[in-house]
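Novice: One predicted model, sequence on top.
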Amino acid sequence: MKEKKFKTWWPLFYTFFKIGLFTFGGGAAMIPIVQMEVVEKKKWLTLKEMSNILAVSEATPGPIAINTSTYVGYKIGGVMGAICATLGCALPSFIIISIISLFYEAFMSFEVVNNAFKGLRVAVILLLAIAIISLAKAVPRNWVSYVLFGISFISMVLLSAFDVSFSWMSIILILLGIIVGVVWEAIKYRKEKKE
């Protein structure tokens, strides 16, 4: 078992290093690439496991990309797998930012660089849309899902339309999700017990 986990450490580091190196637009932009690599190519996780990991990564403090890589790494290779995946994810950004900081003013003065970043923003939005559509397939179709989707959508509208604190809204939504999830599981448990 230990030998099997050891063999996954390097692939975890390499996979997340590659994801970190070629992903632009922040942690959320990594989600579709992580999903493609981990679920579709490597078959390390199922789509349902990936959606659960993303839910936990979003709800816990810290950048979603780092949280996701840590959870995936732990699931595949234990504690060392988590360390390797997290290092792989964070190292490219650290190296690139360190280099860019040396030449930041000269780098950003190029019109080509500014235009490239504008184009990347559009690509990131499309990547996120693809990830959302793909992950939606793993979500069960029931009243709980629809209620939570509705609440989340209304919350997004409130956040953008009014001056509502994002951190308070996040905490409220997380607590609401936990309460609805616990109630839903209790209802399912009672039904199964009666049968």
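Specialist: That came through fine.

Novice: Mean pLDDT per element in the protein, and the minimum belongs to which helix or strand?
Specialist: When the helices and strands of the chain are scored by mean pLDDT, DSSP states H and E, helix 104-108 comes last with a mean of 70.

Novice: Just after that one, pick out the following helix or strand.
Specialist: Next helix or strand after helix 104-108 toward the C-terminus (DSSP states H and E): helix 111-136.

Novice: Show me what the mean pLDDT comes to for the helix or strand following that following helix.
Specialist: Beyond helix 111-136 in the direction of the C-terminus, DSSP H and E gives the next helix or strand as helix 143-161. Confidence over helix 143-161, taken as the mean pLDDT, stands at 75.

Novice: Name the residues of helix 143-161 that come out as buried.
Specialist: By neighbour count with 16 or more other Cβ atoms under 10 Å, helix 143-161 contains the buried residues 144, 148, 155. Yep, even glycine has a C-beta here, placed from its N, CA and C like the rest.

Novice: In CSV, list those along with distance to L173.
Specialist: As requested, the buried residues of helix 143-161 are exported to CSV (distance: Cβ to Cβ, whole Å):
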residue, distance to L173
V144, 14
L148, 9
S155, 6
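
Novice: between these, which is closest to V38?
Specialist: Nearest to V38 among the buried residues of helix 143-161 is L148, at 24.3 Å by Cβ to Cβ.

Novice: Would you mind finding the longest helix in the protein?
Specialist: In the chain, taking DSSP state H as the definition, the longest helix is helix 64-102.

Novice: just checking, what packs against it?
Specialist: Here helix 64-102 is seen to pack against helix 2-22, helix 27-35, helix 47-59 when contacts are counted using 3 or more Cβ pairs under 8 Å, 6 or more residues apart in numbering; DSSP states H and E.

Novice: Can you list the low-confidence ranges for the protein?
Specialist: Scanning the chain with the threshold set as pLDDT under 70 gives 1-6, 24-27, 107-108, 131, 134-135, 137-139, 163-169, 195.
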